[in-house]
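S.K.: Need a 3D model of the following:
(one chain, ligands or ions: 2)
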Amino acid sequence: MHQHIEKLYLSAKKERKLIIGLMSGTSLDGLDIALCEVSGQGMDTHVEVVKFTTVDYDDDYKTRVKRVFAKRECDLEEVTLLNPWIGQLHGEMVAKTLASWGVAKELIDVIASHGQTIYHCPKNQHKRAEYGNATLQIGDSDHLAVTAGITTIADFRQKHIAAGGEGAPLAVYGDYLYFTSTSENRILLNMGGIANLTYLPKSADARAVFSSDIGPGNTIMDAYVQRYFTPLHYDKDAAIAAKGTVSEDLLAALCDDAFFALGFPKTTGPEMFNLDYLAAAQARSNTQNLSHFDVMATLVQFSGAMIAKAINQCSEGLTDVAVYASGGGVHNPLLMDIILANCPALSEIKNTDSLGINPDAKEAVLFAILANECLSGGQQRFGNTEQGIPDITMGKISFAD
Ligand SMILES: Nc1ncnc2c1ncn2[C@@H]1O[C@H](COP(=O)(O)OP(=O)(O)OP(=O)(O)O)[C@@H](O)[C@H]1O
Ligand SMILES: CC(=O)N[C@H]1[C@@H]2OC[C@@H](O2)[C@@H](O)[C@@H]1O[C@H](C)C(=O)O
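M.R.: Ligands and ions are numbered 1, 2, ... in the order given. As a prediction, the model looks like this:
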């Protein structure tokens with residue numbers, strides 16, 4: 001038996017594993033690194049986030065990735081060069097972070113790497129009959145594994161598509177296995193660049209679980225700030241939006257798109273929700289001359305209103321629904337206020353801290369849970385492909401040498 005297979009077999013048998021979950025999201029803010037002690041599997045999964053950090057990307061990384069990010073046409077050589085380059089960079093980031101934590105790489109069972117999404121195109125977006133759903137994450141895991149010296153499980157989204165899904169949201173698997181409660185119905189709301197939610201019934205019936213992207217979280221706001229408020233990367237604490245006034249005409253135009261009429265589940269990305277989307281809405285509503293502050297005020301209202309609409313749709317007819325938020329959007333006080341103000345059935349929105357998981361770490365923890373399922377789980381049935389939750393084992397394995 002190959003030594004790597006034997007080591008993986010021994011890891012898979014361990015009651016407690018040390019798994020490093022990695023997430024690099026559509027906001028391109030940094031690499032989330034969560035050192036997780038994972039025990040059990042399936043509905044008995046328990047995670048302790050031993051250490052967490054976000055290693056910020058420098059402007060060089062952002063500039064390089066943005067040349068190919070969410071663009072229908074780009075330099076294929078650049079994509080080819082970035083794939084190993086990001087994998088190696090992520091491996092170096094992990095190695096340096098472990099060293100700073102004083103954790104020897106030999107103690108780590110596996111790394112679980114999401115990679116960097118550069119293009120996401122579900123059928124509702126490309127509308128090309130000859131193709132199915134598709135998505136592309138780069139940051140090759142062989143380069144990551146060799147650089148970090150740790151076996152790496154990666155590229156989770158492809159199997160989801162192979163089994164009939166759209167490759168996202170994958171949060172539903174981790175949410176169901178880890179956050180299901182038999183005392184309350186729960187909505188897990190993630191607000192990164194894109195907002196997505198998972199509905200967890202207190203019946204714990206996997207067939208009643210529900211998950212979908214909603215629309216933009218921070219992605220258009222970030223792009224607007226990066227264009228007009230250089231060198232800022234985002235509207236910290238909504239300081240810019242707070243100075244503006246919502247344009248009802250622009251808001252109506254932003255909300256008026258076929259994507260929002262699609263039923264759930266659905267997925268999207270910055271391929272659709274970007275500054276071109278904003279410009280088209282401004283042209284339709286003749287609001288091209290708004291101040292930057294008024295545009296930002298309207299964008300945060302747009303995200304908040306669409307998120308609230310999805311929460312209301314999900315919880316219609318239910319009495320006890322608790323909402324737990326995660327992702328960088330939890331730090332935007334104006335966004336959180338708008339959501340709550342538009343959800344009459346809610347008295348508060350908690351964040352996942354109250355469930356023991358740092359809201360900034362949740363996505364990285366998700367991939368650690370998916371890797372644990374790849375090694376030791378797989379028994380939990382979802383069997384709900386129509387709802388975008390097929391029963392599958394996700395991830396490709398890259399050995400360290
Ligand atoms: N203090 C803050 N005030 C306002 N917004 C904030 C604050 N901190 C973070 N954010 C927002 O959160 C974003 C980062 O969130 P997160 O890391 O969850 O995104 P992501 O994971 O890259 O996105 P996705 O989940 O779509 O892949 C920032 O780009 C910014 O828009
Ligand atoms: C293609 C892709 O990277 N999608 C992301 C993005 O970021 C949020 C939302 O859109 C979600 O659908 C997904 O990531 C999270 C981790 C998910 O799969 O649940």
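S.K.: Surely residue 328 and residue 194 touch.
M.R.: No - assessed by Cβ atoms under 8 Å, residue 328 is found out of contact with residue 194, at 11.4 Å. No exception for glycine: its C-beta is placed from N, CA and C like everyone else's.
S.K.: who has more neighbours, the two?
M.R.: More crowded of residue 328 and residue 194, by other Cβ atoms under 10 Å: residue 194, with 28 against 21.
S.K.: For that one, list the residues it contacts.
M.R.: Contacts for residue 194 (Cβ atoms under 8 Å, 6 or more residues apart in numbering) come out as 26, 213-217, 219, 268-270, 273.
S.K.: One more pass at 10 Å, please.
M.R.: Counting by Cβ atoms under 10 Å, 6 or more residues apart in numbering, residue 194 makes contact with 25-27, 117, 120, 168-169, 213-219, 267-270, 272-273, 303, 327.
S.K.: so what's the backbone phi/psi at it?
M.R.: When read as degrees, to the nearest 10, the backbone of residue 194 gives phi -110, psi 140.
S.K.: got a pLDDT number for it?
M.R.: If you check residue 194, the pLDDT there is 97.
S.K.: and if you look at residue 358?
M.R.: At residue 358, the predicted lDDT confidence score is 95.
S.K.: Let's verify it: helix, strand, or coil?
M.R.: Put simply, residue 358 is coil when judged by DSSP: H, G, I helix; E, B strand; the rest coil.
S.K.: What is the neighbour count of the nearest residue to it once chain neighbours are set aside?
M.R.: Distances taken as Cβ to Cβ, 6 or more residues apart in numbering put residue 52 closest to residue 358, at 5.7 Å, once the chain neighbours are dropped. When neighbours are defined as other Cβ under 10 Å, residue 52 has 19 of them.
S.K.: And for the one 4 residues further on?
M.R.: Neighbouring residues of residue 56 were enumerated by other Cβ under 10 Å; the total is 11.
S.K.: residues touching it, list them.
M.R.: Contact analysis of residue 56 by Cβ under 10 Å, 6+ apart lists 29-31, 62, 233.
S.K.: try 6 Å
M.R.: residue 30 (Cβ atoms under 6 Å, 6 or more residues apart in numbering).
S.K.: ok, what's across the strand from it?
M.R.: Residue 56 has the following beta-bridge partners by DSSP bridges: residue 30.
S.K.: Distance of it relative to residue 355?
M.R.: Separation of residue 56 from residue 355 (Cβ to Cβ, to the nearest Å): 26 Å.
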